[in-house]
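Undergrad: Fold the following.
(chains A and B)
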Amino acid sequence: DAGITQSPRHKVTETGTPVTLRCHQTENHRYMYWYRQDPGHGLRLIHYSYGVKDTDKGEVSDGYSVSRSKTEDFLLTLESATSSQTSVYFCAISGIDVGGYTFGSGTRLTVV
Amino acid sequence: DQQVKQNSPSLSVQEGRISILNCDYTNSMFDYFLWYKKYPAEGPTFLISISSIKDKNEDGRFTVFLNKSAKHLSLHIVPSQPGDSAVYFCAASEGNTGFQKLVFGTGTRLLVSP
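TA: Numbers count the residues shown, from 1 in each chain, chains lettered A, B, ... in the order given. Here you go, the predicted model:
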């Protein structure tokens, strides 16, 4: 019943390489978000989108870019991966009349 | 500048007893508060929420209390069960529908032992 899926679930990449994580939703929700989870920091907002082609930065956006060309897809790109971007990345969605988020299952990214 | 704080990284309780998880916030503009539960290798799942117009919200074994003057909320789980063992995140936002920029605490790992 997953209305939101993330791919890949796991990825190991080398420092300096570009990486793109995908979030796909079937709920037709307008708002989408990318968070990262790190020990001692909880969940921190990277970027968010409030509609197709409308995106903005969160609190930890340096080194990341996003794109949303369709309602259902929100892509997170690490232009040149660094070891500090080793983390678990979560995508979330929210609707107009529903409070809170629904989260995806996460992508565990390791940069070596 | 942590706007939402969970000062206890971990909590251990026995099955059947009460679990109390605490959360403090600093931004007086927050008016909607949520608790999420997270199991390993899964995304956080919504547990319970409370609007600032209330001071208590109950859903089965879970109750959230809000003390606006102290900028403090707590989650009570009664009775605690081993399946409740997970990481619990407190979150806050301005507004409760539409676009929400949730600010999360650092999480509290709850372990409920049989």
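Undergrad: hey, what's the residue lying closest to residue A:43 once chain neighbours are set aside bridged with?
TA: Spatial nearest neighbour of residue A:43, excluding adjacent residues (Cβ to Cβ, 6 or more residues apart in numbering or on different chains): residue B:104 at 4.1 Å. (C-beta placed from N, C-alpha, C; glycine too.) Residue B:104 forms beta bridges with residue B:91, as assigned by DSSP bridges.
Undergrad: repeat for the one 4 residues further on
TA: Legend: beta-bridge partners of residue B:108 under DSSP bridges are residue B:88.
Undergrad: And it, how far from chain A?
TA: Noted for residue B:108: a distance of 10 Å to chain A, by Cβ to the nearest Cβ, to the nearest Å.
Undergrad: Number of residues surrounding that residue?
TA: Neighbours of residue B:108 under the rule other Cβ atoms under 10 Å in any protein chain shown: 21.
Undergrad: do residue B:74 as well
TA: With other Cβ under 10 Å as criterion, residue B:74 counts 16.
Undergrad: May I ask which helix or strand encompasses residue 76?
TA: Let's take chain A. For residue A:76, the host element (DSSP states H and E) is strand A:73-78.
Undergrad: nope, chain B please
TA: strand B:72-77.
Undergrad: buried sites along that strand?
TA: Using 16 or more other Cβ atoms under 10 Å in any protein chain shown as the test for burial, strand B:72-77 gives B:73-77.
Undergrad: thinking again about what came up before, check the gap between the residue nearest to residue A:43 and residue B:36 for me.
TA: Distance, residue B:104 to residue B:36, using Cβ to Cβ, to the nearest Å: 8 Å.
Undergrad: any shared contact partners between these two?
TA: Shared contacts of residue B:104 and residue B:36, defined by Cβ atoms under 8 Å, 6 or more residues apart in numbering or on different chains, comprise B:89, B:91.
Undergrad: Pairing partners for the residue in chain A that chain B sits nearest to in the sheet, please.
TA: Nearest residue of chain A to chain B (Cβ to the nearest Cβ) works out as residue A:103 at 3.5 Å. For residue A:103, the beta-bridge partners are residue A:92 (DSSP bridges).
Undergrad: can you tell me which residues contact it?
TA: By Cβ under 8 Å, 6+ apart, the contact list for residue A:103 reads A:4, A:90-92, B:36, B:43-45.
Undergrad: out of these, which are inside helices?
TA: Secondary structure from DSSP state H places none of these in helices.
Undergrad: Could you tell me which of those residues count as buried?
TA: Buried by 16+ other Cβ under 10 Å: A:4, A:90-92, B:36, B:43-44, out of the contacts of residue A:103.
Undergrad: right, and out of the residues you listed, which lies closest to residue B:95?
TA: If you rank the buried ones among the contacts of residue A:103 by distance to residue B:95 using Cβ to Cβ, residue A:92 comes first, at 15.8 Å.
Undergrad: Centre-most residue in chain A?
TA: Geometric centre of chain A, nearest residue: residue A:34, 3.1 Å, by Cα atoms, centre = their mean.
Undergrad: And the strands in chain A?
TA: In chain A, the strands defined using DSSP state E lie at A:4-7, A:10-13, A:19-25, A:31-38, A:42-51, A:54-57, A:64-70, A:73-78, A:87-94, A:102-103, A:107-111.
Undergrad: State the mean pLDDT of the first one.
TA: Put plainly, it is strand A:4-7. On average, the pLDDT along strand A:4-7 is 96.
Undergrad: Please identify the buried residues of that strand?
TA: Within strand A:4-7, the residues scored as buried using 16+ other Cβ under 10 Å are A:4, A:6.
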